[in-house]
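A.B. asks: task: produce atomic coordinates for the following.
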Amino acid sequence: MSYLRMVAVDVSSGQAKSLAVKIHNVLYPYRFTKEMIHSMQVLQQVDNKFIACLMSTKTEENGEAGGNLLVLVDQHAAHERVRLEQLIVDSYEKQQPQGSGRKKLLSSIVSPPLEITVTEEQSRLLQCYHKNLEDLGLEIIFPDNSDSLVLVGKVPLCFVQREANELRRGRSPVTKSIVEEFIREQVELLQTTGGIQGTLPLTVQKVLASQACHGAIKFNDGLSPEESYRLIEALSWCQLPFQCAHGRPSMLPLADIDHLEQEKQIKPNLAKLRKMAQAWHLFGKAERCETGQSQRASMPPCEPP
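C.D. replies: Residues are numbered from 1 along each chain as shown. This is a model prediction of the structure:
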C-alpha cells in the first residue's frame, strides 16, 4: 500500500511517569504517551501473533477521543512486560523495614551456604556494606580463617525460583553463577559510587526478565477477544508499556486513518500514457525529418568540376 510510511519506535529516556515514545515519520511526527494507551480499542488478533488496535494521538475538547492510529501490539512482548512488572512487585517484602528508606528484596535460605571466592579488596568492601546487601536479599558470612572466601547463606528469592525452573528442565544448577555475578556487580558499584544503589540490581532484573519471558504468551497462541482486551488493559497500567522485558518494542504503528485519504494516490492511466509516449515519439521523428530537409534546402548545389 503506497500510502503507508515507514516508521520506527524510539523509547525516550527519563522517568516512567513522563515516559513518551517518539514515532518518527517525515510527514506526520507523533509522540506516544502512556495516557494514549488508555484510549486503545482492541480490533482483533492478527495471525495469532499481534493484536490490532486503534489508538488516539489527540484528545478532543470534550475529553473524548476516537482512535485514529492503527497499531499492532506484539502479544508476547506485551505479556512479557506485564509479567515483569508484576514479578518486580512480588520480589519485594510487602512491609518496609522500620527506619529504612527503601524496600527489601525477598530472600531464601541456601543450605549449605554457597562458597564464593573473592579478592582481599572485595572481601573488605563486602564486610563494610554487608548490612546494606541484606536489603538486596544477600546474606554474607565471613569465615575467620580465610580472606579469599565468603559464604552466602541467603540469596534473592527469584534466584532460587530460577534454579528450580532450570532443574525442572533437566539443566545444570545456576544459583552459584548468578550469585557470583551479583556480587561482582555490587562490588563494582561500591568501587565506583561508594554505596549501594537504591534501584533494582541489574542481575535481579535479568533473572526476572527471563522468568517473565518463559511464562508469557507465545507467538501462535490463539487469544479470544476477551483475552486480548484484558492483555491490552493490563499493558496500559504498566510503568514502561512500550517495550518488553528485554527492551524490544511492544507495539508497531501502521497508519494514521486521518491521513489515508490525503495520501491516497490516483492510479496512472497507462493507456493514455502509452498514447502520449507514441505521440511524442512520432513528433520527434517528424521534427528531425523537417530539420534535415531545411538544412539540405539551404545548402548550395555542388558545381561540376
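
A.B. asks: how long is stretch 236-246 end to end?
C.D. replies: 18 Å (CA to CA, to the nearest Å).

A.B. asks: could you give the mean pLDDT of that stretch?
C.D. replies: Mean pLDDT, stretch 236-246: 93.

A.B. asks: list the contacts of it.
C.D. replies: With CB atoms under 8 Å, 6 or more residues apart in numbering as the test, stretch 236-246 has contacts from 9, 11, 16, 19, 21, 32, 34, 37-38, 40, 74, 76-78, 80-85, 208-209, 212-213, 235, 249-251. Any C-beta I mention is one placed from the backbone N, CA and C, and that applies to glycine too.

A.B. asks: which SSE is the residue nearest to Gly67 when sequence neighbours are not counted in?
C.D. replies: Nearest residue to Gly67 in three dimensions, chain neighbours excluded: Leu54, at 2.7 Å (CB to CB, 6 or more residues apart in numbering). If you go by DSSP states H and E, Leu54 is part of strand 50-55.

A.B. asks: for Lys275, same thing?
C.D. replies: With DSSP H and E as the test, Lys275 turns up in helix 270-298.

A.B. asks: what average pLDDT does that helix get?
C.D. replies: Mean predicted lDDT for helix 270-298 stands at 68.

A.B. asks: ok, back up a step: next SSE downstream of the strand holding Leu54?
C.D. replies: Immediately after strand 50-55, counting by DSSP H and E, sits strand 69-74.

A.B. asks: which residues touch the helix or strand that that following strand is followed by?
C.D. replies: As assigned by DSSP H and E, the chain's next helix or strand after strand 69-74 is helix 75-90. Contact with helix 75-90 is made by 45, 49-51, 158, 200, 208-209, 211-213, 215-219, 221, 223, 228, 231-232, 234-235, 238-241, 243-246, 248-251, as judged by CB under 8 Å, 6+ apart.

A.B. asks: any idea how far helix 75-90 is from the chain center?
C.D. replies: 12 Å (CA atoms, centre = their mean, to the nearest Å).

A.B. asks: now do the following helix or strand past that helix, average pLDDT.
C.D. replies: Once the chain leaves helix 75-90, the next helix or strand it forms, by DSSP H and E, is strand 107-117. Mean pLDDT, strand 107-117: 95.

A.B. asks: now the angle from the helix or strand just after strand 107-117 to strand 107-117?
C.D. replies: Scanning forward in sequence from strand 107-117 by DSSP H and E, the next helix or strand is helix 120-128. With axes from the mean of the first three to the mean of the last three CA atoms, to 10 degrees applied, the angle from helix 120-128 to strand 107-117 works out at 160 degrees.

A.B. asks: helix 120-128 - contacts with which helices or strands?
C.D. replies: The contact analysis (3 or more CB pairs under 8 Å, 6 or more residues apart in numbering; DSSP states H and E) places helix 120-128 against helix 175-193.

A.B. asks: just how off-centre is the helix it packs on within its chain?
C.D. replies: For helix 175-193, the distance to the chain centre is 26 Å (CA atoms, centre = their mean).

A.B. asks: in it, what's buried?
C.D. replies: Residues Thr175, Lys176, Ile178, Val179, Glu180, Phe182, Ile183, Gln186, Val187, Leu189, Leu190 are the ones in helix 175-193 that count as buried (16 or more other CB atoms under 10 Å).

A.B. asks: other SSEs contacting it?
C.D. replies: Using 3+ CB pairs under 8 Å, 6+ apart: helix 175-193 touches strand 107-117, helix 120-128, strand 149-156, helix 157-168, helix 202-214.

A.B. asks: so Leu252 touches Leu72, yeah?
C.D. replies: Yes. Using CB atoms under 8 Å, Leu252 is in contact with Leu72, at 4.8 Å.

A.B. asks: who has more neighbours out of these two?
C.D. replies: Neighbour tally, Leu252 and Leu72, criterion other CB atoms under 10 Å: the higher count belongs to Leu72, 18 against 15.

A.B. asks: ok, Glu115 - how many residues close by?
C.D. replies: Neighbours around Glu115, by other CB under 10 Å: 12.

A.B. asks: scratch that, Pro112
C.D. replies: For Pro112, using other CB under 10 Å, the count is 7.

A.B. asks: for it, give me its contacts.
C.D. replies: Taking CB under 8 Å, 6+ apart, one finds nothing in contact with Pro112.

A.B. asks: OK, contacts around Leu105?
C.D. replies: Ser91, Tyr92, Glu93, Asp135, Leu136, Gly137, Pro156, Leu157, Val204.

A.B. asks: swap in 10 Å and give it another go.
C.D. replies: By CB atoms under 10 Å, 6 or more residues apart in numbering, Leu105 lies in contact with 88, 91-93, 134-138, 155-158, 200-201, 204.

A.B. asks: hmm, which of those are the buried ones?
C.D. replies: Looks like the contacts of Leu105 have 88, 91-92, 134-138, 155-158, 201, 204 buried, using 16+ other CB under 10 Å.
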